Each structure stands twice: as C-alpha cells, then as structure tokens.
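Predicted model and sequence below, questions to follow.
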Number of protein chains: 2
Amino acid sequence: MGFYPFSNQIINFDDKLFVMQNIKNYIEQNKQRFLDELFELLRFPSISADPKYKEDVARTATFVADKLRAAGADKVEVCPTAGHPIVYGEKIVDPNKPTVLVYGHYDVQPPDPLELWKTPPFEPTVRDGKIYARGACDDKGQFYMHVKAFELMLQTDGLPCNIKFMIEGEEEVGSDNLGVFVSENKERLKADVVLISDTSMISLENPSLETGLRGLSYVEVEVQGPNRDLHSGVYGGAVANPAIILAKMIASLHDENNHITIPGFYDDVVTLSEEEREALNKAPFDIEEYKEDLGIENVWGEKGYTTLERTGIRPTLEVNGIWGGYTGEGAKTVLPAKASAKISMRLVPNQNSNKITEIFKNHFKRIAPDTVTVSVKPHHGGEPVVTPTDSVAYRAASKAIEKSFGKAPIPTRGGGSIPIVALFEQELGIKTVLMGFGLDSDNLHSPNEKYDIANYLKGIETIPLFHKYFNELS
Amino acid sequence: MGFYPFSNQIINFDDKLFVMQNIKNYIEQNKQRFLDELFELLRFPSISADPKYKEDVARTATFVADKLRAAGADKVEVCPTAGHPIVYGEKIVDPNKPTVLVYGHYDVQPPDPLELWKTPPFEPTVRDGKIYARGACDDKGQFYMHVKAFELMLQTDGLPCNIKFMIEGEEEVGSDNLGVFVSENKERLKADVVLISDTSMISLENPSLETGLRGLSYVEVEVQGPNRDLHSGVYGGAVANPAIILAKMIASLHDENNHITIPGFYDDVVTLSEEEREALNKAPFDIEEYKEDLGIENVWGEKGYTTLERTGIRPTLEVNGIWGGYTGEGAKTVLPAKASAKISMRLVPNQNSNKITEIFKNHFKRIAPDTVTVSVKPHHGGEPVVTPTDSVAYRAASKAIEKSFGKAPIPTRGGGSIPIVALFEQELGIKTVLMGFGLDSDNLHSPNEKYDIANYLKGIETIPLFHKYFNELS
C-alpha cells in the first residue's frame, strides 16, 4: 500500500473508505443541528455550587435524558441522589462485545465575575469559529460529543461496542453523591473501560492524550477575631485584625522557593525519574506564548521545576478566594471581626486527599496565634490518578486520534482533577481513558469560556473510531 | 456655704437653683419629643460612602435644616457642595459675646454586615435604655443634642453665647468638600472655638474629655496577576496567585513585634515623655473587661506599649477589607486574576497624611514581585491633632461636665480621626473642644451601634453649661 498517503497509520483501505466516509458525511449533513442542540444545552444555568440554581440543574438533567433517548439509548433514567441527579442510559448491542462506560457532567462552574464576559455566559455566542458560553468545553460541549457520536453510529454502521452513559451534575462541587450511586449500581455500570472527555489536548495540530490527573483537597478557612466588627480608630493597633492574621498565615504556607511549608505535605509524593521528566518536557510548549496569552511578565512556581512539571507532576496550594471586612464602595474604617479564604491543594500520586486535608487542618490551626480562633471546613477532595498507556483502551484512543487527526497523540499529564477516575478504579475495578478535545486556552472556570466548533466536530468524528478500535483490539 | 453638698464645685448657689433647675425641668418635660425627633433622624439611611443613597443623604440634610429652623436658628441653609450638602444655621444674640461654632455630621457608616444586626439599622429600637441604630451615637445622636440644647436655652434663659451650626454629610468619607466650603465661608464661620460631640467618654461614672485625635491615611490596593481568572488545576503552581501575593505583601507590613515595616513611617512621630505616658495610663482601664467585651483571648499590638498607648499615641496600620477570587457558596477551583484590600493607617502628631500615603504607595509598589502589577488608590486622609487643655474653652467644658456629672473629666487621647479639627485650625485659626458623650462600647462602625438614652439626655443637660461657662470665662 506504498501509494497510500497515511501509510504510517495502522488502518486498512476499506475501513478508511467505508467508516470514515460515513462518519464525515453524517457530520456534514447534521452539524448545524449538532450545534443547535448543544446551544440549547448551554442555555441552562446548571450551576451546581449555588443552591438557588437547583431547579435549573434538575431541568438540565431532564434535557440530557431526553437527548439520550432521542439518540437511541435504552433504560434512560434521571436518577435522584442526595444532591443533583445523575443521568443514566445504555445500548447493549451484544453481550459478547466489550462495554464502554461514558462519563461526563452536565453541571458547570459559577460564571462570575459576570462583568468580564463579553457575551452572557448562558447565551452561547459564536465568534470566529468558537462557541462562547459557560460549560461550552467543561463539560457540556465535550460530553455531548459522545451523545451525538452515539446517534451517528446508530444511524450509520451501528455500535461496535455496548455503550453506557453516566452523566452527573455535581462534578464541579466534588461529585459528593457519585460514590454512593456507583457502589449501589455496580451491576448496571459494569464495563470494560471508562471513557471521559473532560480534559484538554495541546492543539488540533498537536493532539495529546492525558495519562494522569492531579487529586484535590479543598478547604474553607475562617479566622475569627473580636466578637464584632470594630472601629479601626478606637481599637486599631490593640486588637488582632483577622484579615492581617489570615494574610500572615496564608503567606507562611509557601517558603521563599515556593515550596509548601506544611510538615508532611510532600511525604507521599512520587518523584519521577529523569527520563520521565525529560519525556514530559518534550511536549510542545512556548513559555513566551504562555506568558503573552496570560498577560504576565513572569511565571511563578516551585523552584527547580519547569512550568509543565509545576502543573503536571507537582502538588500545589492555591487561594481560590479570600474575603473579610468592608469590600463595598468607598472607605469604611472597620477592624473586621473575621476573614475567610477558600484554599485548594492539587495532589499527585501517591498523595491522599483525606490525609492532606487532615494535615492542612492541623497545621493551619497550629500556626494560628492565640489572638484569634480558626476554623477549617473541608469542601471536597479527589484522588490523583495515572492512567496506563499500554492498555487496549489507551491504544484504541491513540489509534482513533491518529486516524482522525493524522498524527499520533502526545502523552501528557493534566493539572486538573476528576475525582471519579480514582473512584471508578476503586469501586468498579476498571481503568479510564481521558480522551479530551478541549484546549488549555478554553478559559475553563473563567469568564468567556469557549470551545472551538472544529474541536467539537473533530471529537464527534474521533469517538466512533475509538469504539471501533476498542472492539477490534479487545 | 459649708452645708452645700457639692462644695468642691466652683459654682454659686443661685445659678445651681436657677439654670440647673430650668435645664432639668425642660428636659424632663420634653424628653419624649427629644427622643422621637432623634428617631426620625435615625430613620434616614444617610450612607455617604455609597452613591445609591445620595437622595437619602440629601433628604437628611433638609430634615436637619428644618429642625435647626424650628429650634430657632437664623439664616439656615442647605449648602450644596461637589458631594453631599452641608447644613448651616446660626443665632447671633450679641456681637460682643463670644461665638461657638458647633460642628457635627449627619452622614453615617454603611451598616453591613446587615445579618449581624439584632434590629434593622435604620429602624431605631430601644433595648434596656439604649437606642440601637446606625448613627445613634456617630454622630446623629451626638450632634442632635446640640440642636435640642440650643432649643432649650432659647426656651429658658436664652443663649449665653452666639452659636453657629455646621453639620456636614461627608465625615465618614473623609470630608472631601468641607475644606473648600470652609475656606470660601471664613467670614460666616468666624468663631472663637469649635465645639464637637463626636467622640467618647470613659463612662458616665468616669467622664472624660479627649485632648487629641489620630490622623488617617486610607488607601485601596489592587494586585493584578493574569489577565483573567484561571483554572487552578491547569495553571495552579505555575502562575503567581494575586491573593497569595497580596497576603504576602500585607503580612510583610508588620514585623514580629508588630512594628510597621514601611521605611520612614515613624520618622515624624512625636514620642511622649515618661510623665505623659504615666498620666495617660492612669485612666481607668480594665484589660480583663476589655478582652471579655470583645470576646478575645488576648490583645495584640506594638511591643513595648500598653493598650491605651497603642490606641492613643501610636500610629497603626489596619486592613479594613480584603477580597479576591470566588467568595460565593461552595467550591470554585479558580486562580483569581486579581485581589484587593482597603488599608488604613492612623497617624499621630506630627505625621502628615499626604506624606504617609505617599511613602505607603512607594513601599507597596516596591515590594511587589514582577509576577504581578500593583495599583494603590488613595481614598482620603486627615491630620492628627492635639487640643490644648489650658484654653478657656477646655476649662469651660471641664467645668460643665464637672457640674452635670459631679466629677471632673479625665483628659484622654482618642484613637479615632476627625479631619475637620486640623482643617479648622489651619483655615480659621481656631481651636476645638471635643466634648463627646458616647462610649467606646457603642459599636461605632459596627453592627448594633447604640447610644444610651442617659448619655443623650446628659449631653443636652451639659451643653448649655458649656456655653454659660465659656461666656463667663472668656
């Protein structure tokens, strides 16, 4: 087949003509509808963190269930939980074929600060080929590719595997109730692999596959000083100011090399070999572009590590929010009664989120002066994971990307966290493949979140190939 | 007059029978109305710091003007300024008699945090003899005593002095437009002394007179990191977090002895003699009561100074508010684009607010790392003052308090700031007497601000005596 232009790809002529053409044709004929449906989904303000959106979150679940049914899924159900519902659906074509469990989440991050959005977060808007909306990429745009790829397969060449869908509504708040659901539904969720599109690739030109994710420990701290806000003139200088004490406590959590100072924090961290670090640093990365994109003079981070290592293989501690005292218009001369902060730590193998939360709690209380009282409230956590690159599923994903992108994917380590991955391994004993089609520049969790239409359609094109190869290689 | 029970007081029998009796009778007959009128005044949400209350502030000024007119003042006028209006009124009984200029302010601090108020801040409520409302003491309750004492004198024995009123609406935001008004109205404001009730005394049992006030420098700082909020998983550990950088910068402003570290900050501070410090520390003060009232385990402050010194004669630096990132419900894993703080410094003689603001600005920008950009916006300032204790006016105030309270007042140093005092000295060349009837425990600038009815009525009883003695001693 020397004349074949993609001879570096392990595919045969027939299936290229056959499957690929059908896929491309179906997408070409339906892409406007694929976009319209995603836009409908994006219009729901499914903000799981804020109780006042509970109804909107529920309505979103119903919408997702309807779309799964319409696409051809059986046993579709909106499963209630102690929190937001989980949407389940499946299509079993042949018990002897492998089964893929597709996981995604229909909830989104809060959109604030609202004033920084160029167009409303829940009114999807297209600007030069990109869809701007909260959840466009994380994760509505990405999980919906699977719903449409599922429809595409059923409408063209059929399903190469059995497929199960589990789309939850609490990923952005720590998937609090997913654990219970999973352990109570082990039979129903039985599968050979979990397929998740909730991560990024380097670019369409440099496709990549994530092979690891960081864990998370998220806490909220409160420093209480006097029993009431005080006049800063009458009491200033004589009573400990909780905002200043909190600042001093936070400041002490990183040393001059930006190492985290909490005793025992690094104890369980797996250190990579020189070879592994070299491989990791081979990924295409331009520090100047990076700084320019973020509008910063200089990067920051733990001494002795590159930017890719700092976000990939090293644990971190960040302040996600801080507040206390008067934050309104003008000047108020008050000595605040208390000050608070939301602090999260990203964890790497083999750190454990409960253990880290515990040592943070103890340390933070230990360093508090006796002029204040400190409380630490754990929000949620998740365990770090490394996904194998030698599994059938990983090879199937790699091959699918190689075929649709014309280039083999680069293995990378993701900085984010998807607690469900560790949960699945532990509860169901199955591995996960992280086949994400987003970009780091998609402004996840930020104003003006976006998802390129090209990535959305490319995902819908790639997913059927994954199922095909997963079946063939199994 | 050996049989006379208050023989220690320099007063004669007649005026005790005469003036005191008339004063007491008039207060007795009118006290309910005095309270009702104050309650009306307290119902106006005259929050000068927040633009959306502009109309309420204006309505408050009109109300004050009406009450001055009703009490018998001439030439009453609501004088517009670039900001909130100033209310003026006067009564000239005899050009040869001394003239007292009464200053007060009808604007109030913002009431938040609202949830901590037991009863609504703008619905005055009496609980065991105390009036709870924003502005009850600072300064509506205190300046209104002068309006009622003015009425009382006109309705009984007449005015011993000429009296001018200047009640402003921007004291809580730095009296920005008062300077212009004063310099443009020097003739109209001509007086022999300024009388202000906007400070505290130790207690009704231990009356005191303030002999000094601290100055103020108030700034707002902003630390800007990346050009947008970032996903703390994707970018955390590699991009400087403005909330952490701000915390480190604030933490560095006090050293381990709680000395302020800004170079040059203490250069102009007048240090008191051992004798002066001893005298200051003689004031009745119970550290255990103080801690219990505030609900704190321990006091805090500059090493080598007592609590009375820390709040009276030493400059301070406090964080009045801090905010950045996600502060809503639940958990959001964001690396904030920026973080801000409101920071105020209390100044003592001879520090200068403009100079201190300038050195703070330079220092704060100098200590910022190159991973962020910092801006410092000055809010407002005021100069520290010391009032003479040997003046006719101080002696008149002391004598008035001694007569109505039966005990000579203790001279104290106030921690608060009233920029107008320095302004008056400079623009009109006259001194001020700070005859305050509030208590430090009145929750100024805090939720549940209060003013004791007993102090309110005691003030109305004392003020006429001040005018009487000021005239006699002049």
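Yes, it's here.

domain assignment for chain A?
A:2-213+A:385-473, A:215-269+A:315-382 (automatic domain parsing).

Can you tell me which of the ones you listed is most buried?
domain A:215-269+A:315-382 (a mean of 22; mean count of other CB atoms under 10 Å in any protein chain shown). (Each C-beta comes from the backbone N, C-alpha and C, glycine too.)

Now render the domains of chain A as JSON lines, adding distance to chain B.
Putting the domains of chain A into JSON lines (distance: least, CB to the nearest CB, whole Å) gives the following:
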{"stretch": "domain A:2-213+A:385-473", "distance to chain B": "3"}
{"stretch": "domain A:215-269+A:315-382", "distance to chain B": "3"}
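
Pick out the shakiest of those domains, pLDDT-wise.
With a mean of 91, domain A:2-213+A:385-473 has the lowest mean pLDDT of these.

tell me what the helix or strand that residue A:472 is a member of is packed against?
Element membership of residue A:472 [criterion: DSSP states H and E] is helix A:453-473. Packed against helix A:453-473 by the contact rule (3 or more CB pairs under 8 Å, 6 or more residues apart in numbering or on different chains; DSSP states H and E) you find helix A:21-42, strand A:99-105, strand A:130-132, helix A:140-155, helix A:392-405.

With just CA atoms, put the first one into PDB.
What it means is helix A:21-42. Taking Å, rounded to 0.1, in the frame of the first residue of the first chain, the C-alpha atoms of helix A:21-42 are listed here in PDB:
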ATOM      1  CA  GLN A  21     -16.700   8.400   4.700                       C
ATOM      2  CA  ASN A  22     -20.000   7.600   6.500                       C
ATOM      3  CA  ILE A  23     -18.800   9.500   9.600                       C
ATOM      4  CA  LYS A  24     -17.800  12.500   7.700                       C
ATOM      5  CA  ASN A  25     -20.900  12.600   5.600                       C
ATOM      6  CA  TYR A  26     -23.200  12.300   8.600                       C
ATOM      7  CA  ILE A  27     -21.400  15.100  10.400                       C
ATOM      8  CA  GLU A  28     -21.500  17.200   7.300                       C
ATOM      9  CA  GLN A  29     -25.300  16.700   6.900                       C
ATOM     10  CA  ASN A  30     -26.100  17.200  10.600                       C
ATOM     11  CA  LYS A  31     -23.500  19.600  12.000                       C
ATOM     12  CA  GLN A  32     -25.900  22.600  12.200                       C
ATOM     13  CA  ARG A  33     -28.300  20.500  14.300                       C
ATOM     14  CA  PHE A  34     -25.400  19.200  16.400                       C
ATOM     15  CA  LEU A  35     -24.600  22.800  17.200                       C
ATOM     16  CA  ASP A  36     -28.200  23.900  17.800                       C
ATOM     17  CA  GLU A  37     -28.700  21.100  20.300                       C
ATOM     18  CA  LEU A  38     -25.500  22.000  22.200                       C
ATOM     19  CA  PHE A  39     -26.600  25.600  22.300                       C
ATOM     20  CA  GLU A  40     -29.900  24.500  23.900                       C
ATOM     21  CA  LEU A  41     -27.900  22.600  26.500                       C
ATOM     22  CA  LEU A  42     -25.600  25.500  27.100                       C
END
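
And the contacts of it?
A:60, A:63-64, A:67, A:106, A:122, A:124, A:131, A:133-136, A:140-141, A:144, A:148, A:152, A:155-157, A:453, A:456-457, A:460-461, A:464-465 (CB atoms under 8 Å, 6 or more residues apart in numbering or on different chains).

gap between it and the chain center?
24 Å (CA atoms, centre = their mean, to the nearest Å).

out of the domains of chain A, nearest to residue B:178?
Among the domains of chain A, the nearest to residue B:178 by CB to CB is domain A:215-269+A:315-382 (15.4 Å).

Please tell me I have it right and residue A:283 contacts residue A:210.
No. Contact criterion CB atoms under 8 Å: residue A:283 and residue A:210 do not qualify, at 11.2 Å.

what residues do those two have in common as contacts?
Shared contacts of residue A:283 and residue A:210 (CB under 8 Å, 6+ apart): residue A:412.
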